[in-house]
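Enquirer: model the structure of this input:
(2 chains)
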Amino acid sequence: MAEIAASDRAYCKIILHAAKYPHCSVNGVLLTERHRNKDAKGLKIVDAIPLFHLTLTLAPMMEIALTQIDGYCKLKGLTIGGYYHANEHCQKIRPNAIACKIADRIHEHHSDACLIMVENESLSVECEKEAIKVYTNQDGKWKPKEQRHIVDSECLAKTSSLLQSKAYRELVDFDAHLADISLDWQNTRINDLVDHST
Amino acid sequence: MASSMNWEAARDRLRKLREEQHRCSDEVVSLWEDVLCANSYRLGDELWMVHEQVCIAALDCGNKDVAMMNLHALQEQFPNSMRVRRLRGLFFESQENYDKALKIYDAILDIDETNTLIRKRKIAILKAKDDIRGAIKELNVYVERFMSDYEAWMELCDLYLQEQDYTKAAFCLEELIMSNPHSHLYHEKYAEIKYTQGGIENMCTARRYFAQSLKLNPNNMRALYGLFLSASNVASSKSKDAKTKKDNIKYAAWAAEQITKQYKEVARKKEVDTSSQLTSILHMMDEIQITQTS
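Expert: Residues are numbered from 1 along each chain as shown, chains lettered A, B, ... in the order given. This is a model prediction of the structure:
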């Protein structure tokens, strides 16, 4: 099956989002581009847009967010190619009904879409290992994908450094943006921090 | 950074977080460790509230040492306090030792069965054990008795939303709106629930409640977006008459205008660049397609 890879930016933002709201369920979308080599099938997740931490099961703000992100994607030559979700309960790592529902909707428009679940108990400031699990749609059900690594050790080191410097305090999700529209849901500053971090 | 703050600023920040009930546990612990711990003698009687606040924040962060330090200080000062015993219960909860926590809580309830904070901790334990149905059941019993506990009604609403039981979630919000008809937040959340339930009548209800929320607070961005979406949906519904459609086109257009105005206003006042966001919003408005009829 096709390999999935995630950029440092995407991974860092997923983990920072979970770290910012440790007592909440959080979710967001994954932006993807196709591998340039047409023969190699695969999915490259280049960015993650944090969405919500308040109520994840209500439709209106999800529709607003997805339509705006779609516009953003058109400008950047990307597509909404996946969804990430962290459950509120520490030990619950499987996708719940709402995660599957939203991932299904994205899958309708993007047949290679993936669903990333945050493995809460693997989260740590040291980032010794990947704290995510990828699910792909197989016969209408979301099943875990057997794949060794989605990100490399350099990415984990970057994430650890950002967690230690509490960069998550600056991360903005859509809920935070709706409460104060001067906050940038595109997270330009965090993107720069990740891209220029060593 | 906490370490560069003086003790008065740290004290004021903790006060603000306490009053506004923000959950910024790592910041609270940092302020204590970096600034206030060494300056605690300056806090006067406020010290005990700070100890309690830091204890809870430390438990939230899994920082057992800081939690115990603050808990011991409180136990020494108030050896017979039920409020401090509750903190001991919270400590056991943080260790996932729910049996010990429940023992403490049940002992407190034997003395004072109307202790609402303790009753709510027992429900929180059910949530921690991921027994959401159990938590819903107990919370229903609780709100029947303590009907004016708005926090409990909102928690019940959120639990129902987690289970995607929108009808019961809407009922909880109806209770909240009845008790507080001037809350723009309650109206807005109710509208979101009705929108999610779907169907044209719910959509019309959603539109009315988004509009009412805006009457109460014209700056509620969620309500503005919600009004735009719901009015657009009603305007394009086949089952509504021409006048309703025309009215809803006007509402949607008004909402769109207000949204754009707010972003331009914020760009001007706070000197931030909202142009990229505005582009996304304009794209969104095109996608949702307000069609004009003459």
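
Enquirer: got the residue ranges for the helices in chain A?
Expert: A:8-20, A:59-76, A:97-109, A:153-164, A:174-179, A:188-196 (DSSP state H).

Enquirer: got the buried residues for stretch B:124-142?
Expert: By 16 or more other Cβ atoms under 10 Å in any protein chain shown, the buried positions in stretch B:124-142 come out as B:Ile125, B:Leu126, B:Lys127, B:Ala128, B:Ile132, B:Ala135, B:Ile136, B:Glu138, B:Leu139, B:Tyr142. Bear in mind the C-beta positions are built from the backbone N, C-alpha and C, glycine included.

Enquirer: determine which two of these are furthest apart.
Expert: Greatest spacing in these, by Cβ to Cβ: B:Ala128 and B:Tyr142 (16.6 Å).

Enquirer: show the pLDDT at A:Met1.
Expert: For A:Met1, the pLDDT comes out at 54.

Enquirer: burial check on B:His22, number of neighbours?
Expert: For B:His22, the count of nearby residues is 11 (other Cβ atoms under 10 Å in any protein chain shown).

Enquirer: of the helices of chain A, which stretch is the most buried?
Expert: helix A:8-20 (a mean of 25; mean count of other Cβ atoms under 10 Å in any protein chain shown).

Enquirer: tell me the mean pLDDT over it?
Expert: Helix A:8-20 comes out at a mean pLDDT of 97.

Enquirer: for chain B, what's the nearest residue on chain A?
Expert: A:Gly71 (2.9 Å; Cβ to the nearest Cβ).

Enquirer: so what's that residue up against?
Expert: Residues near A:Gly71 by Cβ atoms under 8 Å, 6 or more residues apart in numbering or on different chains: B:Thr279, B:Ser280, B:Ile281, B:Leu282, B:His283, B:Met284, B:Glu287.

Enquirer: please spell out the PyMOL selection for the buried subset of those.
Expert: The buried residues among these can be selected in PyMOL (16+ other Cβ under 10 Å) with this line:
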select buried, chain B and resi 280+281+283+284
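
Enquirer: among the contacts of A:Gly71, which are in reach of chain A?
Expert: B:Thr279, B:Ser280, B:Ile281, B:Leu282, B:His283, B:Met284, B:Glu287 (Cβ under 8 Å from any Cβ of the partner chain).

Enquirer: any idea which of the residues you listed is closest to chain A?
Expert: B:His283 (2.9 Å).

Enquirer: ok, that closest one touching A:Lys74?
Expert: Yes - here B:His283 reaches A:Lys74: they are 7.1 Å apart, a contact under Cβ atoms under 8 Å.

Enquirer: next, count neighbours for residue 21.
Expert: Defaulting to chain A. Around A:Tyr21 there are 21 other residues, counting by other Cβ under 10 Å.

Enquirer: I was thinking of chain B, sorry if that wasn't clear
Expert: The burial count for B:Gln21: 7, using other Cβ under 10 Å.

Enquirer: low-confidence ranges, chain A, go.
Expert: Residue ranges of chain A with pLDDT under 70: A:1, A:34-41, A:198.

Enquirer: which strand is the longest one in it?
Expert: strand A:42-52 (DSSP state E).

Enquirer: what does chain B put close to chain A?
Expert: Near chain A, when you scan chain B using Cβ under 8 Å from any Cβ, you find B:23, B:26, B:60, B:130, B:158, B:161-162, B:164, B:189, B:191-193, B:195-196, B:206, B:221-222, B:225-226, B:229-230, B:262-263, B:266, B:270, B:272, B:274, B:276-277, B:279-284, B:287-288.

Enquirer: still on that earlier bit, in its sheet, what does the longest strand of chain A sit against?
Expert: Looking at strand A:42-52 with DSSP bridges, its partner strands are strand A:3-6 (parallel), strand A:26-34 (antiparallel).

Enquirer: pick the most buried one from those strands.
Expert: strand A:26-34 (a mean of 24).

Enquirer: tell me how far A:Lys76 lies from B:His72.
Expert: As defined by Cβ to Cβ, to the nearest Å, A:Lys76 lies at a distance of 54 Å from B:His72.

Enquirer: do the same with B:Gln95
Expert: 16 Å.

Enquirer: and if you look at B:Leu161?
Expert: 39 Å.

Enquirer: also B:Glu96?
Expert: In terms of Cβ to Cβ, B:Glu96 sits 21 Å off from B:His72.

Enquirer: next: A:Tyr72.
Expert: A:Tyr72 is 52 Å from B:His72, by Cβ to Cβ.

Enquirer: mind listing what's buried in stretch B:43-52?
Expert: Those would be B:Leu43, B:Leu47, B:Trp48, B:Val50, B:His51, B:Glu52, for stretch B:43-52 by 16+ other Cβ under 10 Å.

Enquirer: nearest to A:Lys141, of those?
Expert: B:Glu52 (47.6 Å).

Enquirer: hmm, the closest one is touching B:Arg86, no?
Expert: No - using Cβ under 8 Å, B:Glu52 is not in contact with B:Arg86, being 9.6 Å away.

Enquirer: grab the nearest non-local neighbour of B:Gln162.
Expert: By the measure of Cβ to Cβ, 6 or more residues apart in numbering or on different chains, the closest residue to B:Gln162 outside its immediate chain neighbours is B:Ile132, 6.3 Å from it.

Enquirer: got the contact list for the one you found?
Expert: Neighbours of B:Ile132 in contact, by Cβ under 8 Å, 6+ apart: B:Leu126, B:Leu159, B:Gln162, B:Glu163.

Enquirer: please apply the same query to A:Tyr135.
Expert: Per Cβ under 8 Å, 6+ apart, neighbours of A:Tyr135: A:Pro95, A:Ala103, A:Cys114, A:Leu115, A:Ile116, A:Met117, A:Trp142, A:Lys143, A:Pro144, A:Lys145.
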